[in-house]
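[1] fold the stuff below for me.
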Amino acid sequence: MAEQGSNHREKTDLPPLRPGRRSRIASPTPFAHLLRYHMERNGLSVRDMAELTGVSPAGIGHLLTGLIKPPIADQLEKIIRVLHLTPVEAELLELEALLGNAPDKLRAYVMELQKRPAK
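    Just a heads-up that it's a prediction; the model follows:
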């Protein structure tokens, strides 16, 4: 055990981030959860999804873990086609992609609106 006041760190401690760097620790976003659900429903692995969409396996992995923001435009359309989504499913995935790219304050506001009971 390290003495109080020493600079010793446990092996499980993460190194400090350099200024201007974002944490590499992320949690899956609603977009990521939907993407994973539809991939599993279609029996697609990360590698399969990468080959069919033209996105690298690392890129698909980062989408699934929330390390990168969801795609928009062309890449999102490819994902929707590959997953054979219904129009409603596609619209929901597009909405989550847009929210995932929105500024934090706007995203929080929209999430709060979704929690309110319908009038």
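[2] my guess is residue 49 meets residue 78, correct?
    No - the pair formed by residue 49 and residue 78 falls short of the contact definition of Cβ atoms under 8 Å, at 9.9 Å. The way it works is simple: take the backbone N, C-alpha and C, and place the C-beta from them, glycine included.
[3] neighbour count winner among those two?
    residue 49 (24 against 16; other Cβ atoms under 10 Å).
[4] just checking, residue 62 touches residue 70?
    No - taking Cβ under 8 Å as the contact criterion, residue 62 and residue 70 are not neighbours in contact, 10.4 Å apart.
[5] have a look at these two and say which one is more surrounded.
    Neighbours were counted for residue 62 and for residue 70 using other Cβ under 10 Å; residue 70 has more, 23 against 16.
[6] which neighbours do residue 49 and residue 78 share?
    Counting by Cβ atoms under 8 Å, 6 or more residues apart in numbering, the shared contacts of residue 49 and residue 78 are residue 55.
[7] how close does the residue sitting nearest the centre point of the chain sit to residue 109?
    For the chain, the residue nearest the mean C-alpha position is residue 66 (3.0 Å; Cα atoms, centre = their mean). In this structure, residue 66 lies at 20 Å from residue 109, with Cβ to Cβ, to the nearest Å as the measure.
[8] same deal with residue 92?
    Remark: distance between residue 92 and residue 109 (Cβ to Cβ) = 19 Å.
[9] how far does stretch 56-74 stretch from start to finish?
    With Cα to Cα, to the nearest Å applied, stretch 56-74 spans 15 Å between its terminal residues.
[10] okay, buried residues for it please.
    59, 60, 61, 62, 63, 64, 65, 66, 67, 68, 70, 71 (16 or more other Cβ atoms under 10 Å).
[11] now distance to residue 82, secondary structure and pLDDT too, for the residues you listed, in JSON lines please.
    Rendered in JSON lines, the data for the buried residues of stretch 56-74 read as follows (distance: Cβ to Cβ, whole Å; DSSP: H, G, I helix; E, B strand; the rest coil; pLDDT from 0 to 100):
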{"residue": "59", "distance to residue 82": "14", "secondary structure": "helix", "pLDDT": "94"}
{"residue": "60", "distance to residue 82": "11", "secondary structure": "helix", "pLDDT": "95"}
{"residue": "61", "distance to residue 82": "16", "secondary structure": "helix", "pLDDT": "95"}
{"residue": "62", "distance to residue 82": "17", "secondary structure": "helix", "pLDDT": "94"}
{"residue": "63", "distance to residue 82": "13", "secondary structure": "helix", "pLDDT": "93"}
{"residue": "64", "distance to residue 82": "14", "secondary structure": "helix", "pLDDT": "94"}
{"residue": "65", "distance to residue 82": "19", "secondary structure": "helix", "pLDDT": "92"}
{"residue": "66", "distance to residue 82": "20", "secondary structure": "coil", "pLDDT": "88"}
{"residue": "67", "distance to residue 82": "21", "secondary structure": "coil", "pLDDT": "89"}
{"residue": "68", "distance to residue 82": "18", "secondary structure": "coil", "pLDDT": "90"}
{"residue": "70", "distance to residue 82": "15", "secondary structure": "coil", "pLDDT": "91"}
{"residue": "71", "distance to residue 82": "12", "secondary structure": "coil", "pLDDT": "89"}
